[in-house]
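In: kindly return the folded structure for what I paste below:
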Amino acid sequence: MILSPMILRPLSYLCAAVVLSAGLAAPAIAAEPWAAPAMRGTSVDDWRGWSVLNSGKGYAASPMGQVHYRDIGPRDAKHTIVLLHQSPMSMIQFAQVQNALAEMGLRAITVDTPGYGTSDLPAKQPTIREYADNLVHVLDHVKADKVVVAGHHTGAQIATAFAANHPARVKAVILHGAAQLTAEEGDAFLSAKRTPRTPLADGSHLTRSFRAQSPDDTQAILDAKTWLAITGYIQGPDIGHYAAFTYDMLPDLMAIKAPGLILSDVKDSIHHIDLRVAKHRPDFTYVEFSKGDLLQFMAEPQRWAQVAADFVNGLE
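Out: Residues are numbered from 1 along each chain as shown. As a prediction, the model looks like this:
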C-alpha cells in the first residue's frame with residue numbers, strides 16, 4: 001500500500017502531537033533507525049561517500065571567505081598535522097589518511113583549499129603564497145600553534161610556501177608530489193588541453209572526466225579516480241592549478257628551515273621533479289611511496305598515515 005504525500009503529512013503531524021502529549025523527548029524517536037542496521041538504506045553497495053568525513057567539521061573566516069576544515073584526533077596530541085589536497089580535489093582526498101592518523105594519536109586537520117570542496121570561492125585569483133598566508137587564519141581559528149604541514153601536488157606547493165614564510169608555525173613539512181616547476185614546465189602545464197565540463201545530453205561529459213582505466217587498477221584506485229572526477233565538478237574555476245602552474249617554488253623550497261619528508265610515486269607524471277627536489281634538499285628524507293600513480297596513497301591511506309606518523313613521531 002502506497003500513501004500519498006497528502007495523507008502522509010497529516011499523519012506526521014498526528015504522530016508529533018501524540019509524542020508531545022505523552023511528554024516524550026524528541027531523541028526517543030530519533031533513536032529508532034530508519035535504515036537497516038548496516039546503514040545501507042536502499043543502496044546495494046558499500047560506497048560511503050562523504051560519510052568518511054564524519055565529525056570534526058567547521059568553518060573559519062578568512063580573507064578568502066569561509067574555509068571548510070575538519071579537525072579530529074586528541075587535543076593534547078604532541079603533534080598536529082595539517083593535510084592539504086591537490087587541485088582539483090577536496091579534503092576527501094585525505095579523509096581516510098586523516099582518520100588513520102587520529103587513530104594513531106595525532107591531531108589531524110584537513111582543509112578545503114579556497115575554491116574547492118565547500119570552502120568559498122575567493123574574490124580574485126590567488127597565488128600559492130596567498131593560499132599559504134590564508135592558512136594562518138584557519139590555524140588561528142582552531143588554535144593550532146605549530147604544525148607539521150603536509151600536502152600533495154598543489155597542496156605540497158602551499159605547504160612549501162607556508163613553511164618558508166611562516167616558520168614560527170611549522171615543525172616540519174611533508175611534500176608528496178613536490179611540484180617544483182620550472183617556468184617552462186609551468187607554461188607547458190598551463191597550455192595543456194583541458195576537458196570541458198559542460199553537461200551533455202548523453203552524459204559523456206562525465207565519462208570523459210573519468211581518468212582512463214588501467215588493467216592494473218584495483219577497486220581502491222577506481223574509487224580514488226571516481227572522487228577525482230566528482231570533485232572536478234563540485235569546484236568552479238580551477239584556480240588552484242593556475243596558481244600552481246605560475247608559482248616559482250624553488251626559492252621557498254630552499255628557504256625552509258624545518259625538517260622535511262619527500263614522498264613520490266614512480267608512475268606519477270612529476271616523479272622526476274620529486275627526484276630533483278630531493279637533490280635540491282638532500283637534508284630532507286626521501287621515500288619512494290609506491291610504484292603506482294599519483295592517487296596511490298588514497299588506495300593505501302593506512303600505510304601513508306604510518307609513514308607520516310613515523311616521521312612526525314621522530315621529530316624532537
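
In: CA only for contacts and neighbour counts going forward, please
Out: Will do.

In: show me what contacts the residue lying closest to Tyr247 once chain neighbours are set aside?
Out: Distances taken as Cα to Cα, 6 or more residues apart in numbering place Ile128 nearest to Tyr247, at 6.4 Å, with adjacent residues excluded. Remark: with contacts taken as Cα atoms under 8 Å, 6 or more residues apart in numbering, Ile128 is in contact with 157-158, 161, 243-244, 247.

In: would you mind measuring from Ile128 to Ser191?
Out: 19 Å (Cα to Cα, to the nearest Å).

In: how about Ala159?
Out: Distance, Ala159 to Ser191, using Cα to Cα: 25 Å.

In: swap in Thr154?
Out: Distance, Thr154 to Ser191, using Cα to Cα: 17 Å.

In: which of these two has more neighbours?
Out: Thr154 (30 against 9; other Cα atoms under 10 Å).

In: got a list of what that one touches?
Out: 85-87, 179, 240-241, 244.

In: kindly recompute the last result at 7 Å.
Out: Contacts for Thr154 (Cα atoms under 7 Å, 6 or more residues apart in numbering) come out as 85-87, 240, 244.

In: Asp46 in helix, strand or coil?
Out: Following DSSP: H, G, I helix; E, B strand; the rest coil, Asp46 is assigned to coil.

In: identify the residues contacting Leu83.
Out: Taking Cα under 7 Å, 6+ apart, we find Leu83 in contact with 94, 109-111, 149-151.

In: and which of these is nearest Asp187?
Out: When these are compared for distance to Asp187 (Cα to Cα), Gly151 wins out at 22.2 Å.

In: so for stretch 186-204, what gets flagged as buried?
Out: The neighbour-count criterion (16 or more other Cα atoms under 10 Å) identifies 186, 190 as the buried residues of stretch 186-204.

In: in a strand, that's where Phe189 is, yeah?
Out: No. Under three-state DSSP, Phe189 falls outside any strand and is assigned helix.

In: returning to what we had before: adding neighbour count, write the contacts of Thr154 out as TSV.
Out: Formatted as TSV, these follow (neighbours: other Cα atoms under 10 Å):
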residue	neighbour count
His85	24
Gln86	27
Ser87	24
Gly240	24
Ala244	27
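
In: that's all I had, so thanks and see you.
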